[in-house]
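*Asks:* Let's see this in three dimensions:
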Amino acid sequence: MLQTVSSACLIGLDVVRVKVEVAITRGTPLIQIVGLAESAVREGRERIRAAAVQLGLHVPGLRITVNLAPADVRKHGAAFDLPIIVGILAAAGDVPGDRARRYAMLGELGLAGDVRPVRGVLPIALHFLGASDVDGLIVPAANLGEARPVRGLEVLGAATLEEVIGFLRGARPLPTPGDVARNVPGREGGPDEPDLRDVHGQERAKRALEIAAAGAHNLLLRGPPGAGKTMLARRLPSILPSMDLQECLEVTAIHSVAGRLPNGEVVTRRPFRSPHHTVSESGLVGGGAVPRPGEVSLAHRGVLFLDELPEFRRRALDVLRQPLEEGVVHIVRVRTAISFPARFTLVAAMNPCPCGLGAADGEESPCACHPAAVRRYVGRVSGPLLDRIDMHLDVPAVRWRDLKGRRDGKPSARVRARVTEARERAAGRLAGRANAEMGAREIAKACRLDALGEDRLRAAVERFGLSARAYHRILRVARTIADLAGRDRITPDDLAEAIQYRVPAGR
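*Replies:* This next block holds a predicted model:
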């Protein structure tokens, strides 16, 4: 007898529908899985037999052939355990074949018959949305929360194989996402959430952080240890606008595919990723035998913080160039080409010299580093990468009067309100995008300067030898500064501030 059950597999973030075909024929008793199944899929045979024995189910002692179609797409992972055993039981007549055929399913089987969570439930559920030949999707109960935003598709959760069989026989219902309390898009906060008002002094750095948040601009913080660079970076997510539903779906899908979804819930807060400086190129941008998202994609719609920037491997840093320009990572292998979104805000921090005691802005310091050592240290970061960072800021050591002063800074909520308003102004011009994403034509239209502004920008470009990329990034930052002030046109003062962030004092 032939039985089919619908399932799916992931190639990057793309979903490929898989038809699990089961045929039971006379011959040597065995379960053979074909259709470019990798080892984790083939090992499912043993899990299926053990689970069936534990639940008292009968697996026919005949030749069982399982085909995963299309046969030219490699199948990875253990998510096919559930559709395979349901297909076998349906082919043997133990569960209604018509009902099994109308439900897509995925899940890994434990030896005791429990259904364990798998990766990529949200993108798979969205893929089956609107499919006319499928009535619903059965997933592991632990993955049910991430399917909460899906509307128009019956998504059901099962904790055990026994529950799935009972449902297909019509004996019991299965829970839906509405039966599980999960978070919904919005901003969550509490007394322990990092707040910008915790930062003493550093008013210029907080202003730069606000501009970076309003325009999604990349930011480099340069200063001695203890100046507050890490503290500032960790508070950037607290002043970013709340994610809308589409952004929540994008971020949740990436984390689900990477197997990094916290508690199986929808991600509603902007990610903050801070990889260690020993991270590899693949760990940073993604890759592997089965390509998965890297840190830049896990930071999508959020913040990627690289502390001690010169300590990262030069090759690892240089692979950031394409994501910073295009907002996407392309991973090409012999057999496949995969793209992961990577639209993040980069915040990098570094010391001014190897000992870290150097001072900016011409201040005296106890630094004894030789100028050649300082050049070697700074030279660990390539010029092309630095050129892609919109704002460069010197962060001086905190002064005593600021350190012992009252905690009276502006709270993140107040700054976030201004940032959100500026983002909305930009979104109205750019079809929902931020100023950092403007192209050359959009810059020419939205960043017109008066004669004084043109003179100031020309003088900066000629004096500091700025590249064409730096020229455009200055204009983007100036546009954001004007948006924060509620102005339609960029003033010479807006431009002067943007130039200061691109060329810190001391150069």
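*Asks:* Could you use CA atoms for every contact and neighbour count after this?
*Replies:* Noted.
*Asks:* so residue 20 is in which element?
*Replies:* Here residue 20, judged by DSSP states H and E, is contained in strand 14-25.
*Asks:* Residue 482 too?
*Replies:* helix 468-485.
*Asks:* for that helix, what is the average pLDDT?
*Replies:* Helix 468-485 carries an average pLDDT of 97.
*Asks:* Could you list the buried residues of it?
*Replies:* Within helix 468-485, the residues that qualify as buried are 470-484, counting by 16 or more other CA atoms under 10 Å.
*Asks:* so what secondary structure elements neighbour it?
*Replies:* helix 203-215, helix 412-430, helix 440-446, helix 492-502 (3 or more CA pairs under 8 Å, 6 or more residues apart in numbering; DSSP states H and E).
*Asks:* how does it look with 10 Å?
*Replies:* Helices and strands touching helix 468-485, by 3 or more CA pairs under 10 Å, 6 or more residues apart in numbering; DSSP states H and E, are helix 203-215, helix 383-387, strand 391-394, helix 412-430, helix 440-446, helix 451-464, helix 492-502.
*Asks:* hang on, the earlier thing: could you check how far the strand holding residue 20 is from the centre of its chain?
*Replies:* Between the centre of strand 14-25 and the centre of its chain there are 30 Å (CA atoms, centre = their mean, to the nearest Å).
*Asks:* and it, what other elements does it pack with?
*Replies:* Using 3+ CA pairs under 10 Å, 6+ apart: strand 14-25 touches strand 2-11, strand 30-34, strand 63-69, helix 81-91, strand 103-105, helix 121-128, strand 337-341.
*Asks:* Make TSV from these and add distance to residue 321, mean pLDDT and mean neighbour count to it.
*Replies:* Listed next are the helices and strands packed on strand 14-25 as TSV, based on distance: least, CA to CA, whole Å; pLDDT from 0 to 100; neighbours: other CA atoms under 10 Å:
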stretch	distance to residue 321	mean pLDDT	mean neighbour count
strand 2-11	24	95	23
strand 30-34	41	95	18
strand 63-69	38	96	21
helix 81-91	40	97	26
strand 103-105	40	97	25
helix 121-128	28	96	23
strand 337-341	14	93	19
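*Asks:* Pipe these into a markdown table and attach distance to residue 395 per row.
*Replies:* As requested, these are arranged in a markdown table below (distance: least, CA to CA, whole Å):
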| stretch | distance to residue 395 |
| --- | --- |
| strand 2-11 | 43 |
| strand 30-34 | 60 |
| strand 63-69 | 58 |
| helix 81-91 | 55 |
| strand 103-105 | 54 |
| helix 121-128 | 42 |
| strand 337-341 | 31 |
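*Asks:* so where's the chain uncertain?
*Replies:* For the chain, the stretches with pLDDT under 70 are 179-192, 359-365, 405-408, 504-507.
*Asks:* Which residue ranges make up the domains of it?
*Replies:* 2-179, 201-398, 438-507 (automatic domain parsing).
*Asks:* Show me the one of the ones you listed that comes nearest residue 425.
*Replies:* With CA to CA as the criterion, residue 425 lies closest to domain 438-507 of those, at 6.6 Å.
*Asks:* on that earlier part again, keeping just the C-alphas, turn the strand holding residue 20 into CSV.
*Replies:* Extracted C-alpha coordinates of strand 14-25, given in CSV (Å, rounded to 0.1, in the frame of the first residue of the first chain):
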residue,chain,number,x,y,z
ASP,A,14,13.8,29.1,2.1
VAL,A,15,11.3,26.3,2.6
VAL,A,16,11.1,23.3,0.3
ARG,A,17,7.9,21.2,0.5
VAL,A,18,8.7,17.5,0.9
LYS,A,19,6.3,14.7,0.1
VAL,A,20,6.9,11.7,2.3
GLU,A,21,5.9,8.6,0.3
VAL,A,22,5.7,5.2,2.1
ALA,A,23,5.3,1.9,0.3
ILE,A,24,5.0,-1.4,2.1
THR,A,25,5.8,-4.5,0.0
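*Asks:* so it versus strand 30-34, what angle?
*Replies:* Relative orientation of strand 14-25 and strand 30-34, computed by axes from the mean of the first three to the mean of the last three CA atoms, to 10 degrees: 150 degrees.
*Asks:* doesn't residue 132 make contact with residue 104?
*Replies:* No. Contact criterion CA atoms under 10 Å: residue 104 and residue 132 do not qualify, at 11.8 Å.
*Asks:* In CSV, list the domains of the chain along with distance to residue 418.
*Replies:* Formatted as CSV, these follow (distance: least, CA to CA, whole Å):
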stretch, distance to residue 418
domain 2-179, 29
domain 201-398, 8
domain 438-507, 7
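*Asks:* closest to residue 431 out of those?
*Replies:* domain 438-507 (10.6 Å).
*Asks:* Work out the gap between the closest one and the centre of the chain.
*Replies:* 30 Å.
*Asks:* likewise stretch 380-387?
*Replies:* 24 Å.
*Asks:* In contact with residue 258: list those residues for me.
*Replies:* 12-13, 119-120, 252, 286, 291-294, 297-298 (CA atoms under 10 Å, 6 or more residues apart in numbering).
*Asks:* now, among these, which is nearest to residue 338?
*Replies:* Distances from residue 338 to the contacts of residue 258, taken by CA to CA, are shortest for residue 12, at 5.7 Å.
*Asks:* just checking, the closest one touches residue 294?
*Replies:* No. Residue 12 is not in contact with residue 294 according to CA under 10 Å; the separation is 11.4 Å.
*Asks:* Now do the shared contacts for these two.
*Replies:* Shared contacts of residue 12 and residue 294 (CA under 10 Å, 6+ apart): 254, 258, 287, 340.
*Asks:* what's the helix or strand for the first one?
*Replies:* By that I understand residue 254. helix 245-258.
*Asks:* That helix: which residues count as buried?
*Replies:* Residues 247-258 are the ones in helix 245-258 that count as buried (16+ other CA under 10 Å).
*Asks:* ditto for stretch 131-143
*Replies:* Quick answer for stretch 131-143 (16+ other CA under 10 Å): 134-143.
*Asks:* Can you flag which of those residues belong to strands?
*Replies:* 136-140 (DSSP state E).
*Asks:* Let me have those in TSV, extended by distance to residue 156.
*Replies:* Below are these laid out as TSV (distance: CA to CA, whole Å):
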residue	distance to residue 156
136	7
137	6
138	5
139	6
140	8
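*Asks:* how about the strands of the stretch 251-400 of the chain, start to end?
*Replies:* 272-273, 286-287, 292-293, 303-306, 328-332, 337-341, 345-350, 391-394 (DSSP state E, counting those that start in this stretch).
*Asks:* could I get the ones you listed as CSV with distance to residue 93?
*Replies:* Below are those laid out as CSV (distance: least, CA to CA, whole Å):
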stretch, distance to residue 93
strand 272-273, 50
strand 286-287, 43
strand 292-293, 39
strand 303-306, 53
strand 328-332, 44
strand 337-341, 40
strand 345-350, 55
strand 391-394, 67
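*Asks:* if we compare those, which one ends up closest to residue 239?
*Replies:* With CA to CA as the measure, strand 303-306 is the member of these nearest residue 239 (11.4 Å).
*Asks:* Tell me the strands beside the closest one, with direction?
*Replies:* According to DSSP bridges, strand 303-306 forms sheet pairs with strand 272-273 (parallel), strand 345-350 (parallel).
*Asks:* In TSV, list those strands along with mean neighbour count.
*Replies:* Formatted as TSV, these follow (neighbours: other CA atoms under 10 Å):
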stretch	mean neighbour count
strand 272-273	20
strand 345-350	25
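*Asks:* how about these, which one is nearest residue 40?
*Replies:* strand 272-273 (29.6 Å).
*Asks:* Contact partners for residue 254?
*Replies:* Going by CA under 10 Å, 6+ apart, residue 254 touches 12-13, 119-120, 122-123, 260-261, 292-294, 297-300, 340-342.
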